[in-house]
Structures are given as structure tokens and as C-alpha cells.
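Student: what's the 3D shape of this:
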Amino acid sequence: MSEISNPGFQKATKSRIFQDVVDQIQEAILTQRLNQGDRLPPERELCETFNISRGTLREALRVLEYKGLIEIKLGTGGGAVVRSAGMEQFTETLGLLIRFGKVSVIDIGEFRAGIEGQIATLAAQKASAADIVFLDKLLEKLNKFKDIGVSGWNDFLETDQKLHREIARISGNALYKYVDNVVHDNISRYYDRYLDVTDSGIAEIYNDLEQLVLAIKKRDYTLAGQIAQKHVNTFISLMREKEAIIDQ
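Tutor: Here you go, the predicted structure:
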């Protein structure tokens, strides 16, 4: 871990001191003048460089930490350390929006229906021979847990998530992969509430995924997209039916 003395910081503009400090440090991270693991200069040095109070600096650092750009470490050898970019902050924020009722689970399901079809379409176009082999292995595991039935549901669901993440990776689109992972992280916790967790229900999910992998193997991107979208739309229909019963 290296400490950067001054990666081009300047005195903060007095009309917007707090935001200017955030912007300068953020820009230094995004342009890789500061890299993962780098420690920012000590607070006293930063205050002198920006010509700001310690309170203003700490407020700016808290914002950067909330954004997931830095981590504040305490104790000997502590300080503000640059973090790697990740989805944890976005995932947590989306989770909070759902829990506060700002975004409904059905909203997420409808959004997912739009991107899953695109992801499957791209995956069918880009999948390598090695990708197909790995998808087949995941499908074999799914089949094993499907045959166990309801008692194998948790293992089935975990493997289902891995399969979807792998298809998103194969799509080769970083944004689709990122958003798909965030959506799955936040909607999977509601599966037990909305899905038909019975032997027949699990078999139906497996059948959809088996057909999806087969379409990807055949590079039938049109069919792959249609199957993926139909798979999600089935879940959305179940959610709406359950919500209607709850609201009665």
C-alpha cells in the first residue's frame, strides 16, 4: 500500500469548497492518478493542500466513502485508502430503495425482462466452446437438484443464479453483466415468496433453463432471447398474482 503525497490536488474553490474536494479526489481516482490500495495523504496535509478545515475534509471523505471510492481505516497505519470499483454500494442502495417502497419487486422484474432477453441474445452470438461446456456442467447440477425436489431447492436456486451470471458474463457486455448481477442480488431474496416451490414448479424452471442453454449452444440468438424473456415474464405473472391475493 503506497501513500501518494499529492496527486495534483489544488486549493478548493471557496464558493463550493465541500463539493470541490469531493470532485478533485474522485477525478484523481477515476483517472488513475490514485489507484486501488493507495493511501491519501494525512488529514493535516490534505487540509493544507485544499485550504479547508478538518471538518470540511472529513465531510468530503464521508461522501467518497459512501460512493464506495475510498475506505476509512482506523488505528495505526489507517487513513483514507482507495478502493476497487465494485457493485456493493449500488446493490445496497437498490436494496434500500426496495425496502422503502421506492422501487417495487415487480418494477425490478419488469426491468429484468427487458435486459435478460438482450443478454441471452448476445450470449448465443458470443459463446465459446469452453463457455458451452461450463453451461452444460451447471445444467447438469441443476438437473441433479431438480430431481431431489423441494428439499434441494436452495442448492437449485444457487446454481440457477450461477447460470444466469455466467450467461451475463458470456454476453461480453460489462454494463449488462453489472446490472444483471445487481438485479439478481436484490430479487432472489423474494423467490420463496413468489415462486411455486414445488417439485413441478422446480421442474418448470429447469425446463426453461435447459431450453435456453440449448438455444445458446445452437447459436439461435433469436430463440435464446425469446426463451429468456418468457422465463422472466412467467415470474412476473406469478408476482402479480401473489400481490393481488395479498392486497385483497
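Student: The lengthiest helix in the chain packs against which elements?
Tutor: Scanning the chain for the helix with the most residues, using DSSP state H, yields helix 221-247. Secondary-structure packing of helix 221-247 (3 or more Cβ pairs under 8 Å, 6 or more residues apart in numbering; DSSP states H and E): helix 105-126, helix 191-194, helix 199-217. In short, each C-beta sits where N, CA and C put it, glycine included.
Student: Name the surrounding residues that touch the last one.
Tutor: Identification of contacts with helix 199-217 by Cβ atoms under 8 Å, 6 or more residues apart in numbering yields 120, 123-124, 127, 132, 135-136, 139, 142-143, 145-146, 149-150, 153, 156, 160, 163, 167, 170, 195-196, 221, 223-224, 227-228, 230-231, 234.
Student: redo that, cut-off 7 Å
Tutor: 120, 123-124, 127, 132, 135, 139, 142-143, 146, 149-150, 153, 156, 160, 163, 195, 223-224, 227-228, 231 (Cβ atoms under 7 Å, 6 or more residues apart in numbering).
Student: Which residue ranges make up the domains of the protein?
Tutor: The record's domain parsing of the chain by automatic domain parsing lists 14-82, 88-247.
Student: Secondary structure element holding the residue nearest to the spatial centre of the chain?
Tutor: With distances taken as Cα atoms, centre = their mean, residue 182 lies nearest the centre of the chain, 2.6 Å away. Using DSSP states H and E, residue 182 falls within helix 174-187.
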